[in-house]
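> no letters, just coordinates:
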Ligand SMILES: Nc1ncnc2c1ncn2[C@@H]1O[C@H](COP(=O)(O)OP(=O)(O)OP(=O)(O)O)[C@@H](O)[C@H]1O
Ligand SMILES: [Mg+2]
């Protein structure tokens, strides 16, 4: 038990002392996951909106598929992206396996279904309310889709933050395609896994605390945005 | 654009006939008031005329459209108007922009109509936090800003206090005087008398009569209308 207490104390010392090793790992984590979420949002929000307002054969199937993909195991995504990016794979010539770029790709793949599926739901609910009004004002479906993205922006921010939380917290995908190389592709989650197995509990715990704090902060931020937006815009 | 001819118009939803064969002719000029009990099909009839619903049978014919797009030359104020999550001014600009007006035109025209409906002070406030009466006026402003040849109004003064009702009524008269054809529903028979030139009385999906306003209230042609007038007068 005292081992745990000591580990916490040591972890806190690392965080409070802004230990450079820890900082660079946290920064890389943020950089990778933020990039992934930005790219994923650029793909998934229009996709979600298009599915929400679109009428095309196979739409229902696509929705079921997207919803199922939300629960995609990160290790499976990691494996698929690994196969794509490995030297013999179709995108092997890019030569980005075991670099942060590969990790961004993997997390993007992981997060796109989440943002697309959840935003589809939100935008479709709004569409039911807005449909006739927007058509009456002369909006085509594509422009209605853009209007709906804008009008549901506060709910969408929450969804994007959820996507970020998922990306930052997953370990399987980045481990496989990044390789957990010290100083190159080591992020919070892979470092925690490694340090724990090596028995360096303070570093693992320190990173775990930072990760927890990050997730808490994101959720608080999401709640705050919604609260302010509802009060301001109704 | 006018006259508007309805030819044996039918509409059913989920196997239920809602509009059961309505033929009528709406001429340019007279303000047409659609009356009828709750659930008679008044709103559905308007949405069919406005092109928001596709008839299950029969036709909606705009005789004077001359190749132009009739949708662009009509506007509607809904029984429950949907405000976009942006300022009152931006709500008006939204419709104008879709109508292809230049940004400068949009701005000027939007400020103009807000001034006329008495919302100049509220122009920059989020539309959704305006009061019910203010939102109703905003909806009217947004529709009227488009300069439609025909304006459909679905219970434009439901839930408004007498003063607000009076304001809306004078706005409607002003819009009529400026040459826009008014087609509206109301449950306020006094309002029908004040604003109407002719009545289309709908009962359970059928047009029971189309009668000049004076005659409708003194000598209705159908027994349903007689019962309706007797029942609803205080
Ligand atoms: N999309 C729809 N699907 C199924 N039923 C519908 C639909 N729209 C309207 N109805 C039904 O059609 C009937 C007529 O509705 P409508 O809204 O036109 O009535 P209304 O005359 O405008 O009544 P009110 O005076 O209460 O506004 C109602 O029974 C309603 O439940
Ligand atoms: Mg109605």
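Perfect, I can see it now. Quantities reported herein were computed from a predicted structural model and do not represent experimental measurements. Ligands and ions are numbered 1, 2, ... in the order given.

> residue farthest from the centroid of chain B?
residue B:104 (28.1 Å; CA atoms, centre = their mean).

> what bits of the chain have low per-residue confidence?
Let's take chain A. Along chain A, the parts satisfying pLDDT under 70 run over A:1-2.

> ah, I was thinking of chain B
B:67, B:232-234.

> what is the burial count for the residue lying closest to residue A:122 once chain neighbours are set aside?
Sequence neighbours aside, residue A:155 is the residue nearest to residue A:122 in space, at 4.7 Å (criterion: CB to CB, 6 or more residues apart in numbering or on different chains). C-beta coordinates here come from the backbone N, C-alpha and C atoms, glycine included. Neighbourhood size, residue A:155 [other CB atoms under 10 Å in any protein chain shown]: 20.

> where's residue A:155 relative to ligand 2, distance?
29 Å (CB to the ion, to the nearest Å).

> what's the answer for residue B:46, then?
Residue B:46 is 8 Å from ligand 2, by CB to the ion.

> go on, residue B:56?
Counting by CB to the ion - residue B:56 and ligand 2 are separated by 19 Å.

> same check on residue A:156?
For residue A:156 relative to ligand 2 (CB to the ion), the value is 32 Å.

> that residue sits in which helix or strand?
helix A:153-169 (DSSP states H and E).

> pull the residues that contact that helix.
A:29-30, A:32-34, A:36-37, A:40-41, A:44-45, A:107, A:110-111, A:114-115, A:118-119, A:122, A:149, A:188-189, A:211, A:214-215, A:218-219, A:221-222, A:225-226, A:229-230, A:233, B:85 (CB atoms under 8 Å, 6 or more residues apart in numbering or on different chains).

> in that helix, what's buried?
Within helix A:153-169, the residues scored as buried using 16 or more other CB atoms under 10 Å in any protein chain shown are A:154-169.

> so the residue farthest from the centre of chain B sits in a helix?
Yes. Under DSSP: H, G, I helix; E, B strand; the rest coil, residue B:104 sits within a helix.

> just give the nearest non-adjacent residue to the most far-flung residue of chain A relative to its centre, would you?
In chain A, counting by CA atoms, centre = their mean, residue A:136 sits farthest out from the average C-alpha position, at 37.0 Å. Nearest residue to residue A:136, sequence neighbours excluded (CB to CB, 6+ apart): residue B:76, at 4.9 Å.

> next helix or strand past the one helix or strand that neighbour maps to?
Remark: residue B:76 resides in strand B:74-77, with elements defined by DSSP H and E. Downstream of strand B:74-77, the next assigned helix or strand under DSSP H and E is helix B:88-98.

> elements contacting that next one?
Helix B:88-98 sits against helix B:103-116, helix B:132-145, with contacts defined as 3 or more CB pairs under 8 Å, 6 or more residues apart in numbering or on different chains; DSSP states H and E.

> out of those, nearest to chain A?
Judged by CB to the nearest CB, the one of the helices and strands packed on helix B:88-98 that comes nearest to chain A is helix B:132-145, at 7.4 Å.

> which parts of the closest one are buried?
Those would be B:133-145, for helix B:132-145 by 16+ other CB under 10 Å.

> with stretch B:55-74 instead?
B:55, B:58, B:60, B:62, B:65, B:70, B:72, B:73, B:74.

> check whether that stretch comes near ligand 1.
No. Judged by CB under 6 Å from any ligand atom, stretch B:55-74 stays clear of ligand 1, getting no closer than 11.6 Å.

> and the longest helix for chain A?
The residue-count maximum for a helix in chain A (DSSP state H) belongs to helix A:100-136.

> check the offset of it from the chain's centre.
13 Å (CA atoms, centre = their mean, to the nearest Å).

> check stretch B:84-100 too.
That offset, for stretch B:84-100, works out to 19 Å (CA atoms, centre = their mean).

> now do stretch B:183-197: distance to the chain's middle.
For stretch B:183-197, the distance to the chain centre is 11 Å (CA atoms, centre = their mean).

> ignoring the adjacent residues along the chain, who's closest to the residue of chain A found nearest ligand 2?
Nearest residue of chain A to ligand 2 (CB to the ion) works out as residue A:132 at 12.6 Å. Spatial nearest neighbour of residue A:132, excluding adjacent residues (CB to CB, 6+ apart): residue B:52 at 4.9 Å.

> SS state for the closest residue to chain A within chain B?
Closest contact between chain B and chain A, by CB to the nearest CB, is at residue B:128 (3.2 Å). Reducing the assignment at residue B:128 to three states with three-state DSSP gives helix.

> burial measure for it, as a count.
18.

> check contacts around it.
Contacts of residue B:128 by CB under 8 Å, 6+ apart are A:233, A:234, B:83, B:85, B:135.

> how much space separates it from ligand 1?
22 Å (CB to the nearest ligand atom, to the nearest Å).
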